[in-house]
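# coords please:
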Amino acid sequence: MTTILATPAGRPRPILGDAAATVPTDLDAAVAAGAFGALRSVVGDLGPTGTVATIAASGLRGRGGAGYPAGTKWRAVTGAADPVRYVVANGYEADPAQSTNRILMEARPFAVVEGIAIAALAVGAREAVIAVRAEYSDAVRALEVAVFAAEEAGFLGTDVLGSGRDVAVTIRTVQGAYMLGEETVLLAALEGRRGQPEQRPPYPTERGLFGHPTLVHNVATLATVPWIVRNGVDAFRAIGDPDAPGTVLVGVSGAVASPGIAEVPTGTTLRELIDLAGGVAAGRTFKAALVGGPSGGFLPAELLDTPYSFDALRATGAHVGSGGLMIADDRACIVDLARLLVRYGADEACGKTIPCRIGLRRLAEIGQRYADGTARPTDPKLLADLADDCAASALCDHERLAPSPLRTAMRYFGPEIDDHILRGVCPAGVCSPIRVAGATTGR
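Numbers count the residues shown, from 1 in each chain. The predicted model follows:
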């Protein structure tokens with residue numbers, strides 16, 4: 001069971017709320033705690049135009065990793081000429097090491113359901129889909145119960161709250177690879193097509209599910225919407241980073257005393273996040289933070305005061321990504337970790353473009369040579385150039401970001417890489433067959 005980490009008293013939690021206060025699927029308790037109050041406001045006072053304007057003014061940015069302004073997406077869908085529109089909530093959670101989406105859907109299913117209903121009413125969609133990883137059976141059950149209860153109470157289905165508008169919400173389980181985190185790949189999977197990214201433009205807001213305008217958001221983004229409508233734009237913008245207000249869910253794992261999920265204001269530093277997880281495990285010392293999941297970046301101790309925010313992390317070579325923060329201690333070898341992650345990225349590539357299909361494989365081979373102690377003199381330059389080429393020619397974020405572990409390893413942990421490729425030494429004693437620092441060799 002993944003732990004929801006305690007945060008300082010008084011901090012607002014627009015996404016998780018007080019997740020332990022009620023039974024997650026008890027509609028009466030949820031309504032008593034404020035659920036569907038925002039939906040009533042949308043139907044009664046705000047209307048579609050006012051709701052879209054509210055989300056745009058709030059500065060909400062997508063919590064799926066890219067941080068794209070939500071209001072821009074909503075306006076694009078409402079401005080489409082096609083009257084058939086969809087809303088898709090991405091709860092797939094492609095990163096196998098993360099569980100933030102799962103915990104949210106299990107603990108706050110009504111927040112997700114209300115958020116998707118508000119979005120559908122605002123953009124003129126009659127149908128909405130919540131895509132969930134097939135293995136997340138508890139989350140699927142919680143959402144199915146929540147959708148059924150909401151339909152029975154008139155919050156979903158035909159003539160929502162007497163508005164004359166219909167909103168049908170379907171739970172769809174999907175299976176696939178890491179690429180399903182990308183929105184066009186997810187839409188292809190929902191249509192029963194091969195999971196590969198599409199060239200953009202046109203964007204899903206113009207031509208998405210079954211060729212119709214589609215609003216695609218992470219479930220955490222949609223779960224935030226009811227709080228914004230209930231509490232107002234000013235209250236939301238007062239939380240966190242002014243350029244990306246609100247809170248985010250972060251899964252803190254690795255060499256920490258108490259791994260778990262924290263909901264924190266954007267702009268919270270990496271150091272504060274580690275402290276929320278009890279600090280580095282007893283008896284160990286901090287070495288690196290992998291920020292952003294398998295395609296994230298390794299950051300050293302001197303960057304622990306970096307704010308956990310879209311733009312600040314991007315400037316370091318890391319990114320929000322899947323919402324993961326994995327801590328490596330002094331036993332870890334950055335070279336070994338980076339080559340494993342780039343190999344994972346190469347294995348998970350869909351194969352649609354040559355730079356991704358072949359370029360990531362070549363990067364993984366260079367990383368393997370680093371770890372084996374068989375690096376060539378030209379490898380550092382080749383790695384840098386090839387990583388730049390993959391990123392510059394990327395069709396999707398997977399190709400653009402997959403080289404990040406090796407790129408940040410070279411940027412911040414150059415001496416450790418030099419130990420491997422110039423001196424045949426792995427200071428952590430992880431890489432084989434090269435020797436451990438201090439050992440003798442026949443070289």
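# Chain neighbours aside, what residue packs nearest to G367?
Nearest non-adjacent residue to G367, counting by C-beta to C-beta, 6 or more residues apart in numbering: R339, 3.0 Å away. In this view, the C-beta of every residue, glycine as well, is placed from N, C-alpha and C.
# Spit out the contact partners of that neighbour.
The contact partners of R339, by C-beta atoms under 8 Å, 6 or more residues apart in numbering, come to A364, G367, Q368, Y370, A371, L406.
# list the buried ones in the strand or helix carrying it?
Counting by DSSP states H and E, the element that carries R339 is helix 334-348. Buried positions in helix 334-348, judged by neighbour count with 16 or more other C-beta atoms under 10 Å: 334-346, 348.
# pLDDT averaged over it - what is it?
The average pLDDT for helix 334-348 rounds to 94.
# Starting from it, tell me the next helix or strand along the chain.
helix 354.
# coming back round to it: how far does the helix holding R339 sit from its chain's centre?
Offset of helix 334-348 from its chain centre (C-alpha atoms, centre = their mean, to the nearest Å): 19 Å.
# Could I have the CA atoms of that helix written out in CSV?
Taking C-alpha atoms only, helix 334-348 is exported to CSV below (Å, rounded to 0.1, in the frame of the first residue of the first chain):
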residue,chain,number,x,y,z
ILE,A,334,25.1,7.0,-12.0
VAL,A,335,26.6,5.5,-15.1
ASP,A,336,24.9,2.2,-14.5
LEU,A,337,21.5,3.8,-13.7
ALA,A,338,21.7,6.1,-16.7
ARG,A,339,22.5,3.3,-19.2
LEU,A,340,19.6,1.2,-17.7
LEU,A,341,17.1,4.0,-18.1
VAL,A,342,18.2,4.8,-21.7
ARG,A,343,18.0,1.1,-22.5
TYR,A,344,14.5,1.0,-21.1
GLY,A,345,13.6,4.0,-23.3
ALA,A,346,15.0,2.2,-26.3
ASP,A,347,13.1,-1.0,-25.5
GLU,A,348,9.8,1.0,-25.0
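# what residues does the host helix or strand of R314 touch?
Taking DSSP H and E as the criterion, R314 maps to helix 310-316. Contact with helix 310-316 is made by 61, 67, 241, 243-244, 266-267, 291-292, 297, 299, 303, 306-307, 319-320, 408, as judged by C-beta under 8 Å, 6+ apart.
# one more time with 7 Å, if that's ok
For helix 310-316, the external contacting residues (C-beta atoms under 7 Å, 6 or more residues apart in numbering) are R61, G67, D243, A244, V291, G297, L299, L303, T306, H319, V320.
# Lowest pLDDT pick from those residues?
Of all these, G67 has the smallest pLDDT value, namely 90.
# count of residues packed around the residue nearest to that residue when sequence neighbours are not counted?
Spatially, and ignoring its direct neighbours in sequence, G67 is nearest to F310 (3.5 Å; C-beta to C-beta, 6+ apart). A count of nearby residues for F310, using other C-beta atoms under 10 Å, gives 21.
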